[in-house]
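Undergrad: Fold the following.
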Amino acid sequence: MTSIDLSNVKHHPVIAEISQALSERTRNPDLPFFRTIAVYFTSVIASTMRATLLTKDRGEIPVNAYVLALNSTGTGKGYAVGITENEILMGFRMNFTENTLPVLAEINLRKLANKRAAQNNTNEEDVYLGLNKEYQNYGAYPFVFDKASDVAIKDVRNKLLMAGTGSLNLQIDEIGSHLLGATDALNAYLELYDQGMIHAKITKNTNENKRTTEIIGKTPANGLFFGTPSKLLNGAKIEQEFYDFLETGFARRLLFSVGVPVQTSEKESAADVYARLSDPKTKSIVNKWATHFTSLADIAKQDWAVEVPDDVGIELMAYRLDCEKLAKAMPEHATLQKAEMIHRYTKVTKLAGVYAFVDEDSTLSMFQLHSAMKFVEESGEAFQALLSREKAYMKLARYIAGIKTEVTHADLLDALPFYKSTTAQRNELMTLAIAWGSKHHIMIKRTINEFGIELFSGETLQETSLGAMRLSYSTHFAENWSGETVPFSKLSILTQAQGHHWSNHHFHYEHRKEENAIPGFNMVVIDVDDGKTSIKAVQELLKDYTWLLHTTKRSTEKAPRFRLILPTNYHLKLDSDDYKAFMEQVAEWLPFTTDREAQQRSRKWLSNDKGIFIENLGGKLLDVLQFVPKTTKNENYRKEIMSLESLGNLERWFAQRFVSGNRNNNMIKFALALMDSGLSYGEIENRVVEFNKTIPNGLSKDELQSTVLKTVASRISNMP
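TA: Numbering: from 1, shown residues only. Below is the predicted model:
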């Protein structure tokens, strides 16, 4: 956002009124898109008549515009272009090509003949006839063209240089389908934008192909590239080519518009629609500007020069400095954004000149400048939206998550135009999709079947709400299991109820058995029944997590047995085998020994109305993605765990935290956890010393004694 306040600035009437008319005629309320169409065609008129700005700091600047206007099918983009060309601009086009161009060409050819005859001391009429023949040999002037080679563009440009008027107007519909075939034209357009100049191409001079005398001059060029975003930004070669063009210079040259889907009202009757389309006000606007534009194709308007007064020039300079400051603050890698931001002032300058020409002003006004700024700022926002559109790997992740079945590389190649055929390319794309998905609630699984074929499946994960924990319960061990969602804070009512069985899954037919289990859970339930793990130790070790703990019927003061319930951060849907593997890894991750015998989805637990319960609310939820089998995250986790296989649960728990935490502080926590488990000082000392040996760059013997073990000894001596 620049320091110049544009909030109360209105768009120039020519843009505001034409875009409104196009919106009414197409029944599409997307005014920013139609403003872009209006800007392009208005620029064509001004540049055809060779309007220029006379600036004190940059010299003479010809006006012209390059526009990229993207919108979905059915939004009226083609119809809007047709209305503008055939109804609003047609009078200007016919008046210019039939009346103004021939007269100006005759005048300019006579001037050229006079100049060359004087230089070469030759007959002026003979020189004129030669020039006129060359002019005619270039063929008729194409006011608009949709494809061209660079040679053809130079030929038309030479004709216009001889005529001393006119502009090059390239309009490509469905730019996504025609981008690759327009490379020559677009490369030529890179040179033409700033001053309408292009370097000549040297060819061999022959009798059949004699090199003509080069005419030094400027020929403004305009470009309208419109179509659907899906064709241009398809994630494949076309999109890459498009970004290459942005990199090579179109980012700073183009005005951008990315339309939004049409939101037509279903309440409109046929009579309402007919009334809107035939509204005389809309027709009046079209006629008004068509008449005005026709009048601008006048010899008196040729080479219209617009002076920039000092106050307007200083305002433009302030805008330029603002843009440069904003670009400098952008990250170094944001090269396209920087280029677009730095050169916004050029687009503003050219567009302000267009507005002045349409208003028939020879001095640029502050309103015309600010209106141009307002439009270019809108264009900049559209450009940012364009760059933030989904990349190929994002589309891949969403596709796999939405397809609801396993797919192979061949399936993806058939379904997705951007999917790569080479192994290295598709592996890279899949890796990016998996990584992006893991940060955007999408989980992708990768498996290999018995034939060695790689299979992919995925799902969009639902974040767990503590107000909706999934469970089922019954007073019978198998029948009449009612599935519900309950707040986690109320779960203790069930765990302390009398004679109730419960599970963390729902079941088909309200019958609890493995084959009836409905995939989907958002909490894990752990039985700690070795009689050696203290509740106090668990409370301390898991103090950062949200959990509910309740004692079971077999629990005693000396041999505590309890159940630990931890809500997960995501609602997971796992089949029987994956759930078993998942629960095995959760048990392996926990810092204490748990019951690993029953890891089925149909597992049930019995409430205990005689026991006690403890809650720890407000902590973080258990991050489960690293435990889900067949995922890249799980593969990485397994590799990390394999290096710690020789350690016990508690040692492994702290070993993983030594990587990122304070070594001394973590070692003290480990020692205190041992103390909470009821070990003697001698046992704690032995465990600490042995554990320290397994840690890379462990603590020194002196540090262990003077800090860790000293703390333990002090705590034990103060125990009642």
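Undergrad: only C-alpha atoms for contact and neighbour calcs from this point on.
TA: Noted.
Undergrad: so for the strand or helix carrying residue 424, what's the average pLDDT?
TA: Using DSSP states H and E, residue 424 maps to helix 423-439. Helix 423-439 carries an average pLDDT of 89.
Undergrad: wait, residue 370 sits on residue 6?
TA: Yes: applying C-alpha atoms under 8 Å, one finds residue 370 in contact with residue 6, separated by 7.0 Å.
Undergrad: The two: which is more packed in?
TA: It is residue 370, of residue 370 and residue 6, that has more neighbours when counted by other C-alpha atoms under 10 Å, with 24 against 14.
Undergrad: What is the helix or strand harbouring the more buried one packed up against?
TA: Element membership for residue 370 (DSSP H and E) is helix 366-387. In this structure, helix 366-387 makes packing contacts with strand 254-258, helix 310-328, helix 335-342, helix 344-358, judged by 3 or more C-alpha pairs under 8 Å, 6 or more residues apart in numbering; DSSP states H and E.
Undergrad: Which one of those lies nearest to residue 590?
TA: Judged by C-alpha to C-alpha, the one of these that comes nearest to residue 590 is helix 335-342, at 46.5 Å.
Undergrad: what mean pLDDT does the closest one have?
TA: Across helix 335-342, the average pLDDT comes to 96.
Undergrad: what angle separates that helix from strand 254-258?
TA: Here helix 335-342 points in a direction 110 degrees away from that of strand 254-258 (axes from the mean of the first three to the mean of the last three C-alpha atoms, to 10 degrees).
Undergrad: Could you give me the buried positions within the lowest-mean-pLDDT helix or strand in the chain?
TA: Ranking every helix and strand in the chain by mean pLDDT, DSSP states H and E puts helix 270-277 at the bottom, with a mean of 81. For helix 270-277, the neighbour count (16 or more other C-alpha atoms under 10 Å) marks 276, 277 as buried.
Undergrad: Reformat the helices and strands packed on helix 366-387 as a markdown table; add distance to residue 198 and mean neighbour count.
TA: Listed next are these as a markdown table, based on distance: least, C-alpha to C-alpha, whole Å; neighbours: other C-alpha atoms under 10 Å:
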| stretch | distance to residue 198 | mean neighbour count |
| --- | --- | --- |
| strand 254-258 | 18 | 26 |
| helix 310-328 | 26 | 17 |
| helix 335-342 | 22 | 20 |
| helix 344-358 | 19 | 25 |
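Undergrad: can I get these in CSV with distance to residue 2?
TA: Formatted as CSV, the helices and strands packed on helix 366-387 follow (distance: least, C-alpha to C-alpha, whole Å):
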stretch, distance to residue 2
strand 254-258, 18
helix 310-328, 6
helix 335-342, 11
helix 344-358, 11
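Undergrad: Now the helix holding residue 424: buried residues?
TA: Neighbour counts over helix 423-439 (16+ other C-alpha under 10 Å) mark 426, 429, 430, 432, 433, 434, 435, 436, 437, 438 as buried.
Undergrad: wait, what's in contact with the second one?
TA: In other words, residue 429. For residue 429, the contact set (C-alpha atoms under 8 Å, 6 or more residues apart in numbering) comprises 392, 393, 419, 420.
Undergrad: Equivalent analysis for the fifth one, please.
TA: Applying C-alpha under 8 Å, 6+ apart, one finds that residue 433 lies in contact with 393, 394, 396, 397.
Undergrad: Need those residues in a markdown table (columns: pLDDT, distance to residue 167 and neighbour count).
TA: Formatted as a markdown table, those follow (pLDDT from 0 to 100; distance: C-alpha to C-alpha, whole Å; neighbours: other C-alpha atoms under 10 Å):
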| residue | pLDDT | distance to residue 167 | neighbour count |
| --- | --- | --- | --- |
| 393 | 89 | 41 | 23 |
| 394 | 91 | 42 | 20 |
| 396 | 92 | 43 | 23 |
| 397 | 93 | 46 | 28 |
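Undergrad: where does the nearest residue to residue 517 once chain neighbours are set aside fall, phi/psi-wise?
TA: Sequence neighbours aside, residue 507 is the residue nearest to residue 517 in space, at 4.6 Å (criterion: C-alpha to C-alpha, 6 or more residues apart in numbering). For residue 507, the backbone dihedrals are phi -140, psi 140 (criterion: degrees, to the nearest 10).
Undergrad: Residue 507 and residue 573: what is the separation?
TA: Applying C-alpha to C-alpha, to the nearest Å, the value for residue 507 to residue 573 is 13 Å.
Undergrad: Give me the more crowded residue out of these two.
TA: In terms of neighbours (other C-alpha under 10 Å), residue 507 is the more surrounded of residue 507 and residue 573; the figures are 23 against 15.
Undergrad: need the contact list for the more buried one.
TA: 472, 481, 483, 513, 516, 517, 518.
Undergrad: okay, now the domains of the chain?
TA: 14-202+214-260+275-387, 392-460, 465-628, 643-720 (automatic domain parsing).
Undergrad: To residue 635, which of those domains lies closest?
TA: Distance to residue 635, taken as C-alpha to C-alpha, is lowest for domain 465-628 among these, at 8.1 Å.
Undergrad: What distance do you get for the closest residue to residue 72 other than its chain neighbours to residue 623?
TA: Excluding the flanking residues, the one nearest residue 72 by C-alpha to C-alpha, 6+ apart is residue 228, at 5.0 Å. Distance of residue 228 to residue 623, computed by C-alpha to C-alpha: 40 Å.
Undergrad: Please identify which of these two sits among more neighbours.
TA: Using other C-alpha under 10 Å, the more surrounded residue of residue 228 and residue 623 is residue 228, with 22 against 11.
Undergrad: Tell me the pLDDT of the more buried one.
TA: Looking at residue 228, its pLDDT reads 90.
Undergrad: That one reaches residue 174, doesn't it?
TA: Yes: look at residue 228 against residue 174 with C-alpha under 8 Å: they come within range, at 6.5 Å.
Undergrad: list residues touching both of these two?
TA: Residues touching both residue 228 and residue 174 by C-alpha under 8 Å, 6+ apart: none at all.
Undergrad: circling back to that earlier point, so which elements touch the helix or strand following the helix holding residue 370?
TA: Per DSSP H and E, helix 366-387 leads on to helix 392-403 as the next helix or strand towards the C-terminus. Applying 3+ C-alpha pairs under 8 Å, 6+ apart, one finds that helix 392-403 contacts helix 423-439, strand 442-448, strand 454-460.
Undergrad: Let's see that with 6 Å instead.
TA: helix 423-439, strand 454-460 (3 or more C-alpha pairs under 6 Å, 6 or more residues apart in numbering; DSSP states H and E).
Undergrad: For the stretch 501-650 of the chain, which segments count as helices?
TA: Along the stretch 501-650 of the chain, counting by DSSP state H, counting those that start in this stretch, helices occupy 535-541, 576-589, 632-642, 649-658.
Undergrad: For those, give me a markdown table that also has mean neighbour count, mean pLDDT and distance to residue 108.
TA: Shown next, in a markdown table, are these (neighbours: other C-alpha atoms under 10 Å; pLDDT from 0 to 100; distance: least, C-alpha to C-alpha, whole Å):
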| stretch | mean neighbour count | mean pLDDT | distance to residue 108 |
| --- | --- | --- | --- |
| helix 535-541 | 17 | 93 | 90 |
| helix 576-589 | 18 | 95 | 82 |
| helix 632-642 | 15 | 88 | 71 |
| helix 649-658 | 19 | 85 | 82 |
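Undergrad: ok so, going back, using PDB, write out every CA atom in the helix holding residue 424.
TA: These are the backbone C-alpha positions of helix 423-439, laid out as PDB (Å, rounded to 0.1, in the frame of the first residue of the first chain):
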ATOM      1  CA  THR A 423      10.100 -40.800 -12.600                       C
ATOM      2  CA  ALA A 424      12.300 -38.000 -11.200                       C
ATOM      3  CA  GLN A 425       9.800 -35.300 -12.000                       C
ATOM      4  CA  ARG A 426       6.700 -37.100 -10.600                       C
ATOM      5  CA  ASN A 427       8.600 -38.200  -7.500                       C
ATOM      6  CA  GLU A 428       9.500 -34.600  -6.800                       C
ATOM      7  CA  LEU A 429       6.000 -33.500  -7.500                       C
ATOM      8  CA  MET A 430       4.600 -36.200  -5.100                       C
ATOM      9  CA  THR A 431       7.100 -35.300  -2.400                       C
ATOM     10  CA  LEU A 432       6.000 -31.600  -2.600                       C
ATOM     11  CA  ALA A 433       2.400 -32.600  -2.500                       C
ATOM     12  CA  ILE A 434       2.900 -34.800   0.500                       C
ATOM     13  CA  ALA A 435       4.900 -32.000   2.300                       C
ATOM     14  CA  TRP A 436       2.300 -29.300   1.500                       C
ATOM     15  CA  GLY A 437      -0.500 -31.600   2.400                       C
ATOM     16  CA  SER A 438       0.900 -32.300   5.800                       C
ATOM     17  CA  LYS A 439       0.700 -28.600   6.600                       C
END
